[in-house]
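Enquirer: Quick one, fold the following:
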Amino acid sequence: MRLAHLDITNFRNLVSVKFMPIPAGFNLFFGQNGSGKTSLLEAIYYLSLGRSFRSNVTERIVNKLADRLSIFAHLASKSAQFTPIGIERRQTGEIKMRLNGRDIRSIAELADLTPVQLIDSHCHELIEGGPSIRRKYLDWGIFHTAPDFLRIWRQYERILQQRNAALREQRSKKELDSWSFELISYTEQLDRLRREYSGRLIPLIQKTVAELLNISDVKITYYSGWDENQDYPTALSRSFARDSYLGHTQYGPHKADFKININNVPAKDFLSRGQQKLFVCAMIVARGTVLQMQANKQTIYLVDDLPSELDSLNQHCLIDLLSRQLTQVFVTTVQKEDENIYLTKSSMKMFHVEHGCVTET
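Expert: Numbers count the residues shown, from 1 in each chain. Coordinates of the predicted model:
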């Protein structure tokens, strides 16, 4: 699915914006800082995931002169069929979502139809940040390629919370064994999904990194969240006394990580900030490639402030890589005359953004 029409109302300074992006190729938004360019990408992200990548505070997202925001779109399939979707949020926090003319309760339905990936000035946190960021990176891809993932993940999280509560409250060994038994079952299912997905993803990351950065000695390892030399039932049993003392479960998928080394050095210590951004771009595009191969879905890429931390040559390399994905890309930049954009052979539409207004040029 690709975005064929967008109608944004009272989202930050975007009071009333309607436009038709090009379905395959680059949609370039240019304008001065503060004009609303990033808010456009944020609105698309919000429509897909029901949250902002800039703030979790509703009052900062809804225009201060309005009581609610709304984002509506038409999604176009490869067969040119259109699916209307929409999301509305009030200042009070109440949220309404619609899909194809019916109310829905789960944002997962919208997320499934609109696989959005963001490249911005904070994306280097995928390398520098903590394990939870990399777990989310993995789980996004598994959500879109494994139909059972969301159910398994939710069940694991629920049982983990119950076991932790039982540990804190020092409940009977019999009750704790019951929670442990269930936790083991869902741990094994979740870990299997993550291992299978990592096995498909890692070679594509290595290939894309070699292309973008000319770095070949990249070792990426999936860490399950416990000692790899023992199975999970054994790890859980051996940690029981310590878990009881601490009041929480030490080991499991909630501690999983995606470890990245270059020349046997952690990537965060080996790469410059600009190289980190390119490396993360390679990881994001590789994830989009797996999505296309496994689920026949195409990612919608959001690239905020293209020149940030990338010199002219690396901007061109990134644009060239994205153009070869043959999908829909939304890019923001201050300068209309960004020569790197024009070097791509992909189709392109240009939009000028000024004071929250969008005009096709």
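Enquirer: Would you quantify the distance from the most centrally placed residue in the chain to residue 277?
Expert: The residue lying closest to the centre of the chain (C-alpha atoms, centre = their mean) is residue 117, at 5.0 Å. Note on residue 117: its distance to residue 277, by C-beta to C-beta, to the nearest Å, is 14 Å. Any C-beta I mention is one placed from the backbone N, CA and C, and that applies to glycine too.
Enquirer: mind listing what's buried in stretch 202-212?
Expert: 202, 204-206, 208-209, 212 (16 or more other C-beta atoms under 10 Å).
Enquirer: Any idea how far it is from the middle of the chain?
Expert: A distance of 19 Å separates the centroid of the chain from that of stretch 202-212, by C-alpha atoms, centre = their mean, to the nearest Å.
Enquirer: Not counting that stretch itself, show me its contacts.
Expert: With C-beta atoms under 8 Å, 6 or more residues apart in numbering as the contact definition, stretch 202-212 has outside contacts at 215-216, 218, 220, 222, 278-279, 281-283, 285-286, 289-290, 314, 317-318, 321.
Enquirer: picking that back up, of the buried residues of stretch 202-212, just say which sits nearest to residue 80.
Expert: residue 204 (29.8 Å; C-beta to C-beta).
Enquirer: Wasn't that closest one part of a strand?
Expert: No. With DSSP: H, G, I helix; E, B strand; the rest coil as the criterion, residue 204 is located in helix rather than a strand.
Enquirer: how about low-confidence regions in the stretch 51-200 of the chain?
Expert: Along the stretch 51-200 of the chain, the model assigns pLDDT under 70 to residues 79.
Enquirer: Dump stretch 353-361 to PDB, restricted to CA.
Expert: What follows is stretch 353-361 as a C-alpha-only set of coordinates in PDB (Å, rounded to 0.1, in the frame of the first residue of the first chain):
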ATOM      1  CA  VAL A 353       6.200  24.300   2.800                       C
ATOM      2  CA  GLU A 354       5.600  27.700   4.400                       C
ATOM      3  CA  HIS A 355       3.900  28.600   7.600                       C
ATOM      4  CA  GLY A 356       2.100  25.200   7.700                       C
ATOM      5  CA  CYS A 357       0.900  25.500   4.100                       C
ATOM      6  CA  VAL A 358       1.900  23.000   1.400                       C
ATOM      7  CA  THR A 359       2.100  24.000  -2.300                       C
ATOM      8  CA  GLU A 360       3.100  21.700  -5.100                       C
ATOM      9  CA  THR A 361       5.700  23.200  -7.400                       C
END
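Enquirer: Can you give me the buried ones in it?
Expert: By neighbour count with 16+ other C-beta under 10 Å, stretch 353-361 contains the buried residues 353, 356, 358.
Enquirer: now swap in stretch 105-113 and tell me
Expert: Neighbour-count burial for stretch 105-113 [16+ other C-beta under 10 Å]: 107, 110-113.
Enquirer: Please, where are all the helices along the stretch 201-350 of the chain?
Expert: For the stretch 201-350 of the chain, applying DSSP state H, counting those that start in this stretch gives helices covering 232-238, 240-246, 267-270, 273-295, 312-323, 339-342.
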